[in-house]
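> My questions concern the predicted model and sequence given below.
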Amino acid sequence: MCGIIACSGVKCAAKVLYRGLEDLEYRGYDSAGISVLEGDSIVTVKRKGRVGELKKGIEGMCGTAGIGHTRWATHGKPSDSNAHPHACGKFSIVHNGIIENYAELKAELMKEGAVFFSATDSEVIVHLLCKYYRGDLKEAVLCTIERLKGSFALCILCSDYKGFVAVRYRNPLIVGMGGGAVYAASDMPALAGLAENVAVLKEGTVAFAVDGEISFCDFAGRPISLTFSPVPASARSRSLCGFPHYMIKEINEIPAAVKNTAAAFEETDCAAKLFRLAKKSAFTQIMLCGCGTAYHSALSAAYMAEELLLLPVRAETAGEFRYRKTSVNRSTLFIAVSQSGETADTVEAARAAKSAGAYVIAVTNVPYSAITAVADMVVPVCAGTEICVAATKSYCGQIAALALTAAALKGPAEYRRAAAAVKSAEAICAKVIAGCFSEDAARACASSAAVYFIGRGADYPVALEGSLKLREVSYIPGEGYPAGELKHGTIALIDGGTLTVAVITEKKIGEKTASAVEQICSRGGGVGVICADGCAPAGLKERAEFFIEVPACHKFISPLVSVIPLQLLAYRTAVILGRDPDKPRNLAKSVTVE
Ligand code: M6R
């Protein structure tokens, strides 16, 4: 899972690619590289580390066409030699995806005399191109593709061709045109400052870009056409707007994310469509899938939907779902949740559910993403581009979209209640962001050896999300678990060096969570509490090292409100510990590999 970019017909390809790679860096930051066509030869610079490491190396590089890559390592550790582009003979390539049959291809190619310089799966691609090239670029590309199993978005330079070739199979790739130049990139924002018009490559497309023109064919070589449209405005906002990090900027964008998601739900007439669907299809079960944060919002929605619809509703991580025999069938409503819409496990889970006969809804922040092509219906999340690897505003947008979805499936009256609740969330979230934070809480976290998060009912998925957020940006170990489970094992880990954060947004159930707090305090563990106004059981506040109050609100929006202090806690803790909250180690924003 990496970011790739290509350009042709620009003044200085290296400069354009470098800028584009900065925009794509959130997709992986283990190494980066650029190849540029200079006259009849290809010049390559690649380095371990972040894109910035290329700056010196590309000085003086000229040439009007080139390709670039920013890597999240899968096969082979981060190093200069494993960095892309991979070059051989007349070719240089960048790849996003996984070549599943690389080992057998590598053995075959080595037998024929090919010399490999990296431990990557991707390098086989460039050797295949060399093997099949007899002066006909299209033929070499098509023969190469035919040999590959797995997933791939590719950009290819050939020293006999003055432009580049781009290929898409199961990994995203977008092409753009403007000012006489042609571009390709893994995502829209990387093209926003460059192209005027863009088109998302369809599955199984090859694009040939040269002399300001672009033509397309399928994997059998038959010509196909694509429609270009202007770069969407949402792809253009990349500035930090005075915030020190994207994470805090994006937390501050939560009110707008919730508001815009509700507006899009209305504009696309989702409520009526869902109600009609529920009436017509008489679903017997609902299954929700996602990964990481998206799984947590799916789990929150499962709690909400089951209570509303009185149907079996389950949420599962997509990576588990796709390899299990399940009861999903024609009477199942399957809801796939993904910010990027390109998480491989979630897209494949949606595909699996669809082939089992389920009706598939995609809840996504990216309207042109892979998952939208699989789904029968798309419920939009309008959080705007999320750059920080840690998901924040997209989680809140997902909860809003999912609450509206669950209510709309029930019927118009329930939908009106949910819509009113979501409408109120904008102001509530703004209030929480502005006021509900304590620096003491972040200091308590930063000085703890481990931090646990507990909650019951609707607060349990929020506890999971609080824990994931803190772990991924601060690297402090811990976990989230249901408050009732504490005494069944994890209590063995509690001592004076640990902190447990309890989430309580419902009075009755809060009393149960409070008994878990008692048990932790009796073992010397520190406790912090996130509590909805008026829900605190007697004596809880006094027990806590920190106590953060959030406004009590409707169950439809409670998970998106109570998560905010946890997101802020994770952010501030990361900053105190000197971590980079936007680009945590070992992570990348879009996980387009299994
Ligand atoms: O793009 P997606 O929503 O499908 O991504 C799923 C997860 O990879 C993502 O939520 C991940 O867990 C985030 N880093 C969490 O902050």
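On my side now, so go ahead.

> what about whichever residue of the chain sits closest to the ligand, distance to T490?
Residue nearest to the ligand within the chain (C-beta to the nearest ligand atom): G292, separated by 1.8 Å. Backbone N, C-alpha and C define where each C-beta goes, glycine included. As judged by C-beta to C-beta, to the nearest Å, G292 and T490 stand 21 Å apart.

> Compare the two (neighbour count), which wins?
G292 (23 against 18; other C-beta atoms under 10 Å).

> confidence score at that one?
G292 is assigned a predicted lDDT (pLDDT) of 97.

> Help me confirm that it comes into contact with K469.
No: with contacts defined as C-beta atoms under 8 Å, G292 does not count as touching K469, sitting 10.1 Å away.

> Show me which positions of stretch 134-149 end up buried.
Neighbour counts over stretch 134-149 (16 or more other C-beta atoms under 10 Å) mark 137, 140-145, 147-148 as buried.

> what does it contact?
99-101, 105, 125, 128-129, 132-133, 156, 158, 160-161, 165, 167, 169, 206, 208, 217, 219-221 (C-beta atoms under 8 Å, 6 or more residues apart in numbering).

> Sort out which of those are buried, if you could.
Buried members of those, scored by 16+ other C-beta under 10 Å, are 99, 105, 125, 128-129, 132-133, 156, 158, 161, 165, 167, 169, 206, 208, 217.

> buried sites along stretch 100-120?
Those would be 102, 105-106, 108-109, 114, 116, 118, 120, for stretch 100-120 by 16+ other C-beta under 10 Å.

> Would you mind naming what in the stretch 151-300 of the chain lies close to the ligand?
291-294 (C-beta under 6 Å from any ligand atom).

> Name the spans of the protein whose pLDDT lies under the cut-off.
1, 236-237, 593 (pLDDT under 70).

> follow-up on the earlier one: among the buried residues of stretch 100-120, which lie within strands?
Within the buried residues of stretch 100-120, no residue falls in strands by DSSP state E.

> okay if I get those as a markdown table plus distance to V45?
Shown next, in a markdown table, are the buried residues of stretch 100-120 (distance: C-beta to C-beta, whole Å):
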| residue | distance to V45 |
| --- | --- |
| Y102 | 24 |
| L105 | 27 |
| K106 | 25 |
| E108 | 30 |
| L109 | 25 |
| A114 | 23 |
| F116 | 20 |
| S118 | 15 |
| T120 | 17 |
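
> Where helices are concerned, which of those count?
102, 105-106, 108-109 (DSSP state H).

> ok now do E594, which residues does it touch?
98, 319, 344-345, 348.

> before we move on, back to that, make JSON lines out of the buried residues of stretch 100-120 and add distance to the ligand.
Below are the buried residues of stretch 100-120 laid out as JSON lines (distance: C-beta to the nearest ligand atom, whole Å):
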{"residue": "Y102", "distance to the ligand": "24"}
{"residue": "L105", "distance to the ligand": "29"}
{"residue": "K106", "distance to the ligand": "29"}
{"residue": "E108", "distance to the ligand": "34"}
{"residue": "L109", "distance to the ligand": "33"}
{"residue": "A114", "distance to the ligand": "35"}
{"residue": "F116", "distance to the ligand": "31"}
{"residue": "S118", "distance to the ligand": "26"}
{"residue": "T120", "distance to the ligand": "22"}
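
> interface residues of the chain facing the ligand?
So far as C-beta under 6 Å from any ligand atom goes, the chain lies against the ligand at 291-294, 338-340, 343, 346, 389-391, 468, 472, 590-591.
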